[in-house]
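A.B. asks: Sequence first, then the predicted structure:
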2 protein chains.
Amino acid sequence: MRYEDLADEPCSITRPLVVLGDRWTLVLLKHCFAGLRRFNALQAATTMSRSRLQDRLDRLVEHEILRRHRPEGAAWDEYRLTEKGMALYPVLMALRDWGDTYMAPLGQPIRYTHRTCTHAGPGEARVQLRCDCCDESMTAREVTVEAGPGLDAELARLAGEPAQSGRSRQVSGDADPG
Amino acid sequence: MRYEDLADEPCSITRPLVVLGDRWTLVLLKHCFAGLRRFNALQAATTMSRSRLQDRLDRLVEHEILRRHRPEGAAWDEYRLTEKGMALYPVLMALRDWGDTYMAPLGQPIRYTHRTCTHAGPGEARVQLRCDCCDESMTAREVTVEAGPGLDAELARLAGEPAQSGRSRQVSGDADPG
DNA sequence: CGAGGTGGTTCCGTTTCGGAACCACCTGCC
DNA sequence: GGCAGGTGGTTCCGAAACGGAACCACCTCG
């Protein structure tokens, strides 16, 4: 199947990946979060080719992750994160947590600290997986996968489509890979 | 620059992306977390081509994210998540949180619930960004970027290398893109 | 006017990818 | 033994994505 068809899957993991899941997009967003806003600055920081950068910026603007606008009186454009784009920060921080743990043998290279933390040596941003009911911290082994409130509507929508192939649509198992 | 050189950056975001940042790898891992372990099952679930699946599985095994082994007496191999691989779960859950919020107009398709939550209608897994010092929840706007304990060692290692290009190495700004 | 900066586009050789065919191996069955 | 059907793995080729350089239009400033 074509990669873009992953967007039709009733799955909130694969759908973002159709937009974000390539070599450069998350690297690009990292630099947006670092405060870079202009085309040339982003090109220099990421080192990606200009044509590819243009593609990615256009796609992110199209998905309202970035917003393009020209400051009044300025001779340049700026690409700024929208609220939707800002909401991607936990994804980058989750990657960073893992990278710090498993891919930083010389020690954590960059600290992401809590600006308003009043204690000496401000605390660091950490990503936690918690149950929204009992507030306990969780791991993958404790997660069960089940149908959500929007699944039926998704399946109905898929059934109403040209039915491009007879792929299975079952919700497979739970998250315990042990 | 070549994409693989991103692994040399003193950055715990880009380094994982060199392994995970392509079209299929995170989709593949999602199905591993769903309990799939065998080549053909993963090929059917992801719909990726067999040659690409082989490439990705080999890379993940090489990085000790998956472990390959044959159950005794079985005629097939299994790819299982290692602890290092299981630690990637928050990355997928962060993507899912965002996908549920911004790319699920018909409602959340899949619920990831807390198996051991004793309440009726078990709670769901949520990713939170918190300060590890004051334990307050945080957003991207409240994060400051600064040098970490491993940065000097990283820079020294880079300086000792053939110095392939005169790229800048500064730590650019903080995370407030407002 | 020309110099130098901005973001954007076009082009082409290279790399990666998708998909089908093919392979080696093992098991079970008659 | 011989064959069918399953496993994971590999090879091949046309298509798509990518990198990098050249080029463009526009603007500002001296």
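C.D. replies: That came through fine.

A.B. asks: how about stretch A:78-89 against chain B, any contact?
C.D. replies: Yes - using Cβ under 8 Å from any Cβ of the partner chain, stretch A:78-89 reaches chain B at A:Arg80, A:Leu81, A:Lys84, A:Met86, A:Ala87, A:Leu88, A:Tyr89. Yep, even glycine has a C-beta here, placed from its N, CA and C like the rest.

A.B. asks: List, out of those residues, those positioned next to DNA strand D.
C.D. replies: When contact is defined as Cβ under 7 Å from any atom of the strand, the residues of stretch A:78-89 next to chain B do not meet DNA strand D at all.

A.B. asks: Buried subset of these, written for ChimeraX?
C.D. replies: Listed next is the ChimeraX selection for buried residues among these, using 16 or more other Cβ atoms under 10 Å in any protein chain shown:
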select /A:81,84,86,87,88,89
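
A.B. asks: Tell me the one of the residues of stretch A:78-89 next to chain B nearest DNA strand C?
C.D. replies: Closest approach between the residues of stretch A:78-89 next to chain B and DNA strand C, by Cβ to the nearest atom of the strand: A:Arg80, at 12.4 Å.

A.B. asks: Give me the local confidence score for the residue in chain A sticking out farthest from the centre.
C.D. replies: Most distant from the centre of chain A: A:Gly73, at 33.1 Å, with distances by Cα atoms, centre = their mean. Looking at A:Gly73, its pLDDT is 82.

A.B. asks: coming back round to it: and of the residues of stretch A:78-89 next to chain B, the nearest to B:Ala125?
C.D. replies: For these, the minimum distance to B:Ala125 (Cβ to Cβ) is 16.9 Å, reached by A:Ala87.

A.B. asks: and the closest residue to that closest one other than its chain neighbours, how many neighbours does it have?
C.D. replies: Spatial nearest neighbour of A:Ala87, excluding adjacent residues (Cβ to Cβ, 6 or more residues apart in numbering or on different chains): B:Trp98 at 5.7 Å. B:Trp98 has 25 neighbouring residues, counting by other Cβ atoms under 10 Å in any protein chain shown.

A.B. asks: Enumerate every residue touching A:Leu95.
C.D. replies: A:Leu26, B:Ser12, B:Ile13, B:Pro16, B:Leu17, B:Leu20, B:Val91 (Cβ atoms under 8 Å, 6 or more residues apart in numbering or on different chains).

A.B. asks: Up against DNA strand D, what does chain A have?
C.D. replies: Counting by Cβ under 7 Å from any atom of the strand, chain A sits next to DNA strand D at A:Asp22, A:Arg23, A:Trp24, A:Thr47, A:Met48, A:Ser49, A:Arg50, A:Ser51, A:Arg52, A:Asp55, A:Ala75.

A.B. asks: Whichever of the residues you listed end up buried, select them in ChimeraX.
C.D. replies: In ChimeraX, this line selects whichever of those come out buried by 16+ other Cβ under 10 Å:
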select /A:22,23,24,47,48,52
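
A.B. asks: can you put the residues of chain A next to DNA strand D in a markdown table and add distance to B:Gln108 and secondary structure?
C.D. replies: Shown next, in a markdown table, are the residues of chain A next to DNA strand D (distance: Cβ to Cβ, whole Å; DSSP: H, G, I helix; E, B strand; the rest coil):
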| residue | distance to B:Gln108 | secondary structure |
| --- | --- | --- |
| A:Asp22 | 25 | coil |
| A:Arg23 | 29 | coil |
| A:Trp24 | 29 | coil |
| A:Thr47 | 38 | coil |
| A:Met48 | 34 | coil |
| A:Ser49 | 37 | coil |
| A:Arg50 | 38 | helix |
| A:Ser51 | 37 | helix |
| A:Arg52 | 33 | helix |
| A:Asp55 | 30 | helix |
| A:Ala75 | 45 | coil |
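
A.B. asks: near chain B too, which of the residues of chain A next to DNA strand D?
C.D. replies: A:Asp22, A:Arg23, A:Trp24, A:Thr47.

A.B. asks: still on that earlier bit, and the residue nearest to A:Ala87, what are its phi and psi?
C.D. replies: Dihedral pair for B:Trp98: phi -70, psi -40, per degrees, to the nearest 10.

A.B. asks: what about it, distance to B:Arg67?
C.D. replies: B:Trp98 sits 29 Å away from B:Arg67, going by Cβ to Cβ, to the nearest Å.

A.B. asks: on that earlier part again, from the ones next to chain B among the residues of chain A next to DNA strand D, which is closest to DNA strand D?
C.D. replies: Relative to DNA strand D, the closest of those is A:Asp22; by Cβ to the nearest atom of the strand it sits at 4.3 Å.

A.B. asks: looking at it, the closest one is touching B:Trp24, isn't it?
C.D. replies: No - if you go by Cβ atoms under 8 Å, A:Asp22 and B:Trp24 don't touch, sitting 10.5 Å apart.

A.B. asks: List the contacts of the closest residue in space to A:Met48 that isn't next to it in sequence.
C.D. replies: Closest residue to A:Met48 apart from its sequence neighbours, by Cβ to Cβ, 6+ apart: A:Trp24 at 5.0 Å. Residues in contact with A:Trp24 (Cβ under 8 Å, 6+ apart) are A:Thr46, A:Met48, A:Arg52, A:Leu53, A:Arg56, B:Tyr3, B:Gly21.

A.B. asks: And for A:Phe39?
C.D. replies: Here A:Phe39 is in contact with A:Leu53, A:Leu57, A:Trp76, A:Asp77, A:Tyr79 (Cβ under 8 Å, 6+ apart).
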